[in-house]
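Peer 1: structure for the following, please:
(2 chains)
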2 protein chains.
Amino acid sequence: MKPLQLPSPAIIGQDARTVGTPALLLELDAFESNLRQMAALTARHNIVLRPHAKAHKSSAIAKAQIAMGAVGICCQKLSEAYPFVLAGIRDIHISNEFVGADKIAMAVNLAQHARLSVCVDHPSQVDALGKAAGQAGVVITVLPEVDIGQGRCGVDSKNSLLALADRIGTHSGLRFGGLQAYHGGIQHVGDWGSRKLKASHGADLTASYVQCLDSRGIACPVVTGGGTGTAEFDAASGVFTEIQPGSYIFMDGHYGENGWAGELRLQHSLFIATTIMSAAKPGQAVCDVGLKGVAVDSGLPLIRSDARHDSLRYVAANDEHGILHTDADGSHNLLGERLLLIPGHCDPTCNLYEQFVCIRNNIVEALWDIDARGLSR
Amino acid sequence: MKPLQLPSPAIIGQDARTVGTPALLLELDAFESNLRQMAALTARHNIVLRPHAKAHKSSAIAKAQIAMGAVGICCQKLSEAYPFVLAGIRDIHISNEFVGADKIAMAVNLAQHARLSVCVDHPSQVDALGKAAGQAGVVITVLPEVDIGQGRCGVDSKNSLLALADRIGTHSGLRFGGLQAYHGGIQHVGDWGSRKLKASHGADLTASYVQCLDSRGIACPVVTGGGTGTAEFDAASGVFTEIQPGSYIFMDGHYGENGWAGELRLQHSLFIATTIMSAAKPGQAVCDVGLKGVAVDSGLPLIRSDARHDSLRYVAANDEHGILHTDADGSHNLLGERLLLIPGHCDPTCNLYEQFVCIRNNIVEALWDIDARGLSR
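Peer 2: Numbers count the residues shown, from 1 in each chain, chains lettered A, B, ... in the order given. Below is the predicted model of the structure:
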């Protein structure tokens, strides 16, 4: 009798076409091409690349990004930063605000082990952090967030920004680091020219905040922001000193819908392997990837086209089932067939898995832990 | 200098109002009331309660259900069953079909350690499982799934059902166990009377399949199905010998929209504690629970009403941010405030967390691991 033990998602050297499904596959050739392209873009514009780790939540991927020239990473949550620092990554920017004693304690603890920068948009956040940093004898770099059109977090007046910069200066444990300026709402503007125009408006507004500080004698060593959709424009803007793209490594379905008329030729590298486990109805098949295997907030997954499955469309996600429709006859013959899905939205999809099954030429080359999965505090 | 260590989500005895957010809170009084109500319903109708563990993915909750009279549990995936069997739960029904060598191997391994039943809707699934079970010397109980209106998996003709029953009988390692009959599409019919009518149609159709088998001399020891929305009707139907409700323990926002005119008075027991971490815009606040902290496939989370926050509405989920709107003035004053969210859909929400923070009278009483989280194979 075999002991009861859950098998590993995959084994190094295994034929990728036999990996048990659902599995989160990372095609290394495409992934590395994406890494190289973004590194080349930032190098040519002489700006810093600080990729956003919220997209992958994996210290193995962060290390690959840093090996390719990234200075460090962004995280969106303090708890998310822990596995990265524990893995030896010592330059972390929390591109987000936080409030509460538990969060302040995490920030101070992280600052004892890494170069930490964080964002604020209210003086009370500054004071709480400054008091704790001073008591602990650490220095935390603070970047006020300015709202450049997203309408979510960040101050939207020069007076509020100046008040924050002044307040940061009153705390010995804090250091003013520059500005955080990110407009998530324009990352998926499909038309390349329209996206470029909107990005330039955002950069202009960011520049006006930099100038306002400059006129008060406050230098901005770092102006950080930008995502995958605006990376080319932000990198060339002359305003941003640093960009924070996350999804570029994966190129999910939602970003795939964007027009890409510039130099970036990002490739889909992230796929979910799925198996058709029921095909009892004409014109329909059911696969083993539903809501718990792929995030659908930014659209249902696409099916990677291949000769056998071109007529299939993923039309609905139940908890554990994906409903596929086909115009072709003979859906019964699909039972047991494997498909590759392109997730609509990479960030919340990766957050559902334990590991990336990294493949090259259809062989499993590595398993990379998603070690920050679920860390949302 | 403090060592770098991620703090636990909560500590036993802690004031629940100080637990770091996001946190998945389980209010034990409401949870236990829900447990008792479903146990009483099934006991009165003299049927078996086999709750669906896909809703909670926690062996601690499964044990609480079994302590209250449940015979065992359902899982939707084979990998999902492992932590439950490892925790000592030895009666597992996989209420779903599966295909592939890795899945067959898991089924055989589970059957070596538990009483396992599974579903099929195609003869090839029967043959693959039967061959492996025979070789391993285990017996697996097999329940063909009949489609009673869901239109997803399951056979929809008596001939197909009889063919499956006959095929099961050809394998020494398989035992025909009865029927799986579940109609997910009617669980959320809001009007109680309409839901009752649809449930009775499903039960009638199920009964016709039982009779068909009976006329061929094949007894159905188990007729299993039903969910939280139809539990009262299925329990009273005289057709189902066993029901499989999952969400009843939590009563999520989506089920809360149902009309409940019968005896069940299920209470919301599952909440997500969140903190407003930015309030830089008039009429808007931003909390720390977004797509990675609450599933939004069945609607955005509701805010548990309290005197301070009655004007707030959760209007959009970004990856790590929840956007709240308020008609009241003074959103700046909301910075740092805590709210409780009622998730729209409990199953994929629980799958995002490591632990339930179990509370009673606002004190943390226990931490229960979500030990099957992410197990989707």
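Peer 1: near chain B, anything from stretch A:192-206?
Peer 2: No. Contact of stretch A:192-206 with chain B (CB under 8 Å from any CB of the partner chain) is absent, the minimum separation being 15.2 Å. All C-beta atoms are positioned from the backbone trio N, CA, C, and that covers glycine.
Peer 1: for residue A:118, give me its contacts.
Peer 2: A:93-94, A:96, A:98, A:107, A:129, A:140-143 (CB atoms under 8 Å, 6 or more residues apart in numbering or on different chains).
Peer 1: what's the pLDDT at it?
Peer 2: Turning to residue A:118, the model gives it a pLDDT of 99.
Peer 1: now residue A:330
Peer 2: Value for residue A:330, per-residue pLDDT: 63.
Peer 1: same check on the one 3 residues further on?
Peer 2: Listed pLDDT for residue A:333 reads 82.
Peer 1: which SSE is immediately downstream of the longest strand anywhere in chain A?
Peer 2: Of all the segments assigned as strand in chain A under DSSP state E, the longest by residue count is strand A:270-278. Per DSSP states H and E, strand A:270-278 leads on to strand A:284-287 as the next helix or strand towards the C-terminus.
Peer 1: follow-up on the earlier one: keep only the contacts of residue A:118 that also lie close to chain B.
Peer 2: Restricting those to those near chain B by CB under 8 Å from any CB leaves A:96, A:98.
Peer 1: hang on, the earlier thing: how about the longest strand of chain A and chain B, touching?
Peer 2: Yes. Using CB under 8 Å from any CB, strand A:270-278 reaches chain B at A:275-278.
Peer 1: ok, the residues you listed vs residue B:208, which is closest?
Peer 2: Using CB to CB, residue A:278 comes nearest to residue B:208 of the residues of strand A:270-278 next to chain B, at 21.4 Å.
Peer 1: tell me the spacing between that closest one and residue A:325.
Peer 2: Residue A:278 is 14 Å from residue A:325, where distance means CB to CB, to the nearest Å.
Peer 1: more neighbours: the two, which one.
Peer 2: Between residue A:278 and residue A:325, counting by other CB atoms under 10 Å in any protein chain shown, residue A:278 is the more crowded of the two (28 against 15).
Peer 1: am I right that that one is in contact with residue B:119?
Peer 2: No. The criterion here is CB atoms under 8 Å, and residue A:278 misses it with residue B:119 at 9.2 Å.
Peer 1: now do the shared contacts for the two.
Peer 2: Listed as contacting both residue A:278 and residue B:119 by CB under 8 Å, 6+ apart are B:97, B:153.
Peer 1: give me the mean pLDDT for the longest helix anywhere in chain A.
Peer 2: Longest helix of chain A, by residue count under DSSP state H: helix A:192-215. The average pLDDT within helix A:192-215 is 98.
Peer 1: now do stretch A:92-99
Peer 2: Average pLDDT, stretch A:92-99: 98.
Peer 1: got the contact list for whichever residue of the stretch 251-377 of chain A sits closest to chain B?
Peer 2: Distance from chain B to each residue of the stretch 251-377 of chain A (CB to the nearest CB) is smallest for residue A:278, at 4.0 Å. Going by CB under 8 Å, 6+ apart, residue A:278 touches A:285-286, A:335, B:97, B:121-122, B:152-154.
Peer 1: and if you look at residue A:374?
Peer 2: Neighbour list for residue A:374: A:351, B:292, B:352-354, B:373 [criterion: CB under 8 Å, 6+ apart].
Peer 1: may I see these arranged in TSV, with neighbour count, pLDDT and distance to residue B:7 as well?
Peer 2: Below are the contacts of residue A:374 laid out as TSV (neighbours: other CB atoms under 10 Å in any protein chain shown; pLDDT from 0 to 100; distance: CB to CB, whole Å):
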residue	neighbour count	pLDDT	distance to residue B:7
A:351	25	98	20
B:292	27	98	19
B:352	26	98	19
B:353	21	98	15
B:354	17	97	13
B:373	23	98	19
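Peer 1: a markdown table for the residues you listed, including secondary structure?
Peer 2: Formatted as a markdown table, the contacts of residue A:374 follow (DSSP: H, G, I helix; E, B strand; the rest coil):
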| residue | secondary structure |
| --- | --- |
| A:351 | coil |
| B:292 | coil |
| B:352 | coil |
| B:353 | coil |
| B:354 | coil |
| B:373 | coil |
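Peer 1: what's the closest of the residues you listed to residue A:198?
Peer 2: Closest to residue A:198, out of all of the contacts of residue A:374 and judged by CB to CB, is residue B:292, at 26.2 Å.
Peer 1: so that closest one touches residue A:348, yeah?
Peer 2: Yes. Here residue B:292 reaches residue A:348: they are 5.7 Å apart, a contact under CB under 8 Å.
Peer 1: any shared contact partners between the two?
Peer 2: Shared contacts of residue B:292 and residue A:348 (CB under 8 Å, 6+ apart): residue B:319.
Peer 1: flag every residue of the stretch 1-150 of chain A that's near chain B.
Peer 2: Residues of the stretch 1-150 of chain A lying near chain B (CB under 8 Å from any CB): A:1-2, A:4-7, A:9, A:18, A:20-23, A:54, A:76-77, A:79, A:82, A:85-86, A:96-103, A:105-106, A:109-110, A:112-113, A:121-122, A:124-125, A:147.
Peer 1: any of those residues buried? List them.
Peer 2: By neighbour count, with 16 or more other CB atoms under 10 Å in any protein chain shown, the residues of the stretch 1-150 of chain A next to chain B hold A:6, A:9, A:20-23, A:54, A:76-77, A:79, A:82, A:85, A:96-100, A:102-103, A:105-106, A:109-110, A:112-113, A:121-122, A:125, A:147 as buried.
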